Every structure is written in C-alpha cells, then in structure tokens.
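Asks: Structure, please.
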Amino acid sequence: MKVHNTLGNGFQEVIYQRCLAIELSKSGLSFEREKDQIIYYEDVKVGTRRADFIVENCLVVEIKAIINLEDVHLAQAKNYVVAYNFSTGLLINFGAKSLQFKKIFNPNYNQD
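Replies: The predicted structure follows:
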C-alpha cells in the first residue's frame, strides 16, 4: 500500500516492481525477483514462466499496472501459484486509482 500511496497510479509495472523490492527489503522479508519456473505438460518441459516475486519461498506475488484487473490476470496469477506449487499467491494492481489486490489459492496444492 505504501508504494501505491507514494507513487499513485500511472507508472510502468517495472517501476512498481522496483519500489516493492525496496519495501520488501526494508521489511526484512526474503524474496526473489523474476524467478524462472519450468512448465511441464505430461512430464515434458514445454517452457518457462517468470513470476514477479517469490516471497519467503512460499508466496507468489504478481503485479500489474493496468486500469482494471480482468479474469485473464487472475488466471495468470493462479497458473503461477500452481506452477510453483505454493498454496497461495497475491495479485496486486498498481494501475488503478485505488490499489487493487486479490489473494489467489492453488486448488491443486500438494505439500509433498
């Protein structure tokens, strides 16, 4: 919220990503930016995807800087949560006048 309150909306996603990295560092949370994840189809590697943040090695954070979140953005965030096999994720949109965020759940979460 601090990033959005400080900058407002209207910047490119990468600006918000850099600011969020600063805030995560200041809070003492461990995180990785743009961590690659291999995507498999029937045990065959078909490509890679990159989530904006992996926080504390258990939470995917995907950020956007758009006017309004749409179903496609929710689907993308959900796919990341499933691909990384995390129980939850967070989708944050800095592009709207008011900060938008959605908690994403992995219906296929496997603790093993």
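
Asks: from here on, contacts and neighbour counts on C-alpha atoms
Replies: Fine.

Asks: check contacts around the residue lying closest to residue 86 once chain neighbours are set aside.
Replies: The spatial neighbour of residue 86 that comes closest, neighbours along the chain excluded (C-alpha to C-alpha, 6 or more residues apart in numbering), is residue 58 at 5.7 Å. With C-alpha atoms under 8 Å, 6 or more residues apart in numbering as the criterion, the residues that contact residue 58 are 86-88.

Asks: For those residues, could you give me a markdown table that also reports neighbour count?
Replies: Putting these into a markdown table (neighbours: other C-alpha atoms under 10 Å) gives the following:
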| residue | neighbour count |
| --- | --- |
| 86 | 21 |
| 87 | 18 |
| 88 | 20 |
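
Asks: Which of those fall within strands?
Replies: When DSSP state E defines the strands, the subset of the contacts of residue 58 inside them is residue 88.

Asks: ok, so of the contacts of residue 58, who is nearest residue 37?
Replies: Taking C-alpha to C-alpha as the measure, residue 86 is the one of the contacts of residue 58 closest to residue 37, at 12.2 Å.

Asks: mind listing what's buried in the longest helix along the chain?
Replies: If each helix of the chain is counted by residues according to DSSP state H, the longest one is helix 13-27. Using 16 or more other C-alpha atoms under 10 Å as the test for burial, helix 13-27 gives 13, 16-17, 19-21.

Asks: ditto for stretch 82-100
Replies: Of all the residues in stretch 82-100, those buried under the rule 16+ other C-alpha under 10 Å are 82-96, 99-100.

Asks: swap in stretch 70-77?
Replies: Buried positions in stretch 70-77, judged by neighbour count with 16+ other C-alpha under 10 Å: 73-74, 77.

Asks: how much space between the residue lying closest to residue 64 once chain neighbours are set aside and residue 39?
Replies: If the residues on either side of it in the chain are set aside, residue 64 comes closest to residue 93, at 4.6 Å by C-alpha to C-alpha, 6+ apart. Counting by C-alpha to C-alpha, to the nearest Å, the separation of residue 93 from residue 39 is 25 Å.

Asks: what bits of this structure have low per-residue confidence?
Replies: Scanning the chain for pLDDT under 70 picks out 112.
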